[in-house]
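Engineer: Return atomic coordinates for the entry below.
(chains A and B)
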Number of protein chains: 2
Amino acid sequence: MADPSTSPPLTRASVQEALKLIGPYIHKTPVLTNTALSKLASTPRTPAELEGTPWAGRTPAKPVIRLWFKCENFQRIGAFKIRGAFHAIERLKREPAWADNGGREKGLVTHSSGNHAQALALAARENNIPAYIVMPTISAAPKIAATKGYGAHVIFSGSTSVEREAAAAKVIQDTGARLVPPYDHPDIILGQGTLGLELQDQVSLTLASSSPYASLAPASQPHAALNAIITPCGGGGMLSGVALSCEATGIRVFGAEPSHEGADDCTRGYYAGKRIENVKSLTIADGLRTPVGLYPWSVIYERRLVSGMYSVSETQIVAALRLVYERCKLVVEPSAVVGLAVALYNEDFRAMVEKEAGEDGWDLGVVFSGGNVDLEALSKLFSS
Amino acid sequence: MADPSTSPPLTRASVQEALKLIGPYIHKTPVLTNTALSKLASTPRTPAELEGTPWAGRTPAKPVIRLWFKCENFQRIGAFKIRGAFHAIERLKREPAWADNGGREKGLVTHSSGNHAQALALAARENNIPAYIVMPTISAAPKIAATKGYGAHVIFSGSTSVEREAAAAKVIQDTGARLVPPYDHPDIILGQGTLGLELQDQVSLTLASSSPYASLAPASQPHAALNAIITPCGGGGMLSGVALSCEATGIRVFGAEPSHEGADDCTRGYYAGKRIENVKSLTIADGLRTPVGLYPWSVIYERRLVSGMYSVSETQIVAALRLVYERCKLVVEPSAVVGLAVALYNEDFRAMVEKEAGEDGWDLGVVFSGGNVDLEALSKLFSS
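Structural biologist: Residues are numbered from 1 along each chain as shown, chains lettered A, B, ... in the order given. Down below sits the predicted model:
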């Protein structure tokens, strides 16, 4: 993709420019609310519920939280990743040397077994650009089929990152295709951040008219905007992009991670003051198994555009997942609900909201990042 | 509930009046589209796919179908049944003798283990009216919990209809509560029909602005409205109500049923010219195990306000269910997808659309009636 040194600066204005570029190609996904879940988020947990957690024995927090769900599970290819993919291509199309040197014909390459693979395949096809996707041989058959279904060339590799990168390097050598990484690039970050702009506008519009939370809103004064947004954090492309989309708006941004087998690398790094570069976790939130990238880290930590990082257990992720299916009637993937799980179950987050927001509470945007589930795997989660 | 002889006439105007009465208490549920599913519906099946079906050896039909999904899974209590329950109560409140004779204090009763139980419980609670729900002892624990959660008194009975009706009769004798049947009453029919009015308006508004189907629409002339609606049919309350909502609009209405173990009673009765009064089926579409009621039958068959009835197999229901989860990212219950299954898999329906609609095709409204699934039971469907 485009040389990062030619990327627009990492600012809110650049996210606004990105939205202009990709707007015609993406869905403006709906923002949904759910009174039952907002009530649950605003109900203190019982001391018994805190047994066996790091917060056992602590007085349960009493936050007031009105939840607004940004439903990127309804996005094209079923996840937010299409935003970054389209933005990367739009930026490349504006790099004169790329087209002049036959870049369009040479194509694009990435290594991914997940949503980024399908996103790049679709965005490339709609631009008549060949796409080469390096996938581990052990990838699930439906994922391989979906990626091929979008017209991409699938190249198989071993499953370690070294093997995948070597296979991608060979494609580049053979074809001259340009690499489009899944998160660690300014153009990807700016693309993903566009969902933050939409979410801000959608909530403000609803609050300005009639709010579904009229009965829950504080009598003191009506809110005019979101107070905060929480998003999942894997490589950090979306979290850093959303943080940029909120720069200087007064809306605070938080990141959520699974804690399982050290997948909370960004949380640990954030509080230790040093990025953690390697993660090896098999958390059920399979989109969040990667360490946070350098560009995202610069936004999240170095510029402090993210106000805090929080993590949740596998059990808490499954509990939140179940609530979204049963109460919201939405199909989401496990990675999508870590932000909700933090709002419902992480006492550090909940105590912080209680302290910061007081009785008025917060209108909290929660990003449901995607809905690409393997129904067989999901069935195992729900039948156990 | 109100004496049927005092109910408004079964007309479109009465459905419009019902919407005015219940509008403040219900959600105007969204209408969603899905390009992939509309393309699938507009793709002829292969001869191989018709093997083992009643249409084996026939030339596959080539209909053009643009699907519009009315998402009553997002309705309060997770299903359309809340519409009829609120309308029944609003009508009772307008019956002077009811309040004068202490009817409000005496309460309401029904026998149901499904969505009608929760609907009546919630609608009664919001009106400060006691609700008595007769449920079979074998009902699933979550359903009992949900009904109690809405504040209803749950009375257990045996599982045959005779036992359930006897238990309800005893409640009436003991308390003076009025019976609110699940479907066989004009007030219920008029309440359920309100979703048809919303669907018509929502599609017309979208078609009048920018249609998500711009690329699929015929070049000849833009559509201004739906051509047809298909809904599931159990007791027939919703189907007959929607048929009334379309009376004299030119929009054709069709009903869909499971064929398993004779659950297609209305389909068989419709083509034989005689209502079938008993059904004993354990179809996975558990909301559709009941025979069509007398009032619904009068609208569906005697007045011919329904243009045709179609049925689908259990396998076809599961296939449609899987598509809705994977493609639409919506949680729906098996009963909710029988209309979609007909549009995708019933060659009689598809051939009829091809013949009636020609190359222009139809804009077809498909009602997703509810989303109250037992995740454990669902997991079994998807893991097999």
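
Engineer: Looks to me like A:Ala256 is in a strand.
Structural biologist: Yes - counting by DSSP: H, G, I helix; E, B strand; the rest coil, A:Ala256 is found in a strand.

Engineer: Run through the bridge partners of it.
Structural biologist: A:Pro232, A:Tyr310 (DSSP bridges).

Engineer: what separates it from B:Thr43, distance-wise?
Structural biologist: Going from A:Ala256 to B:Thr43 by CB to CB, to the nearest Å gives 40 Å. Every residue, glycine included, has its C-beta placed from N, CA and C.

Engineer: Equivalent analysis for A:Leu21, please.
Structural biologist: Relative to B:Thr43, and taking CB to CB, A:Leu21 is found at 33 Å.

Engineer: Of the two, which one has the most company?
Structural biologist: Between A:Leu21 and B:Thr43, counted using other CB atoms under 10 Å in any protein chain shown, the more crowded position is A:Leu21 (19 against 14).

Engineer: Which residue comes closest to the more buried one once chain neighbours are left out?
Structural biologist: A:Glu90 (4.3 Å; CB to CB, 6 or more residues apart in numbering or on different chains).

Engineer: Is it correct that the one you found is in contact with A:Gly23?
Structural biologist: No - A:Glu90 is beyond contact range of A:Gly23, at 10.4 Å (criterion: CB atoms under 8 Å).

Engineer: So for those two, which sits in the more crowded spot?
Structural biologist: A direct count of neighbours by other CB under 10 Å for A:Glu90 and A:Gly23 places A:Glu90 higher, at 20 against 12.

Engineer: The more buried one belongs to a strand, doesn't it?
Structural biologist: No - per three-state DSSP, A:Glu90 lies outside any strand segment and is helix.

Engineer: gap between it and chain B?
Structural biologist: With the distance defined as CB to the nearest CB, to the nearest Å, A:Glu90 ends up 21 Å from chain B.

Engineer: quick one: that residue and A:Ala18, what's the gap?
Structural biologist: Counting by CB to CB, the gap from A:Glu90 to A:Ala18 is 8 Å.

Engineer: Which residue, other than its chain neighbours, is closest to A:Gly176?
Structural biologist: Nearest residue to A:Gly176, sequence neighbours excluded (CB to CB, 6+ apart): A:Lys106, at 3.8 Å.

Engineer: Now for that neighbour, how many residues are close by?
Structural biologist: A:Lys106 has 17 nearby residues by other CB under 10 Å.

Engineer: Spell out which parts of chain A neighbour chain B.
Structural biologist: A:30, A:32, A:73-74, A:78, A:322, A:325-326, A:328-332, A:371, A:373, A:375-376, A:378-380, A:382-383 (CB under 8 Å from any CB of the partner chain).

Engineer: A:Tyr25 touches A:Ala85, doesn't it?
Structural biologist: No - taking contacts as CB under 8 Å, A:Tyr25 lies outside contact range of A:Ala85: 9.4 Å.

Engineer: who touches both of these two?
Structural biologist: A:Ala123 (CB atoms under 8 Å, 6 or more residues apart in numbering or on different chains).

Engineer: The two: which has the busier surroundings?
Structural biologist: Ranked by neighbour count (other CB under 10 Å), A:Tyr25 and A:Ala85 place A:Ala85 first, with 35 against 18.

Engineer: From the residues of chain A next to chain B, which land in helices?
Structural biologist: A:Arg322, A:Leu375, A:Glu376, A:Leu378, A:Ser379, A:Lys380, A:Phe382, A:Ser383 (DSSP state H).

Engineer: Name all residues that make contact with the second one.
Structural biologist: The reference is to A:Leu375. Taking CB under 8 Å, 6+ apart as the criterion, A:Leu375 is in contact with B:Arg322, B:Tyr325, B:Glu326, B:Phe382, B:Ser383.

Engineer: check contacts around the nearest residue to the second one once chain neighbours are set aside.
Structural biologist: Using CB to CB, 6+ apart and skipping the chain neighbours, the partner closest in space to B:Tyr325 is A:Val331 (5.2 Å). Taking CB under 8 Å, 6+ apart as the criterion, A:Val331 is in contact with A:Asn73, A:Tyr325, A:Gly371, A:Val373, B:Tyr325, B:Glu326, B:Cys328, B:Lys329, B:Leu330, B:Val331.

Engineer: do the same with A:Ala56
Structural biologist: Contacts for A:Ala56 were tallied using CB under 8 Å, 6+ apart; they are A:Leu50.

Engineer: Show the backbone phi and psi for it.
Structural biologist: Main-chain torsions, A:Ala56, degrees, to the nearest 10: phi -60, psi 130.
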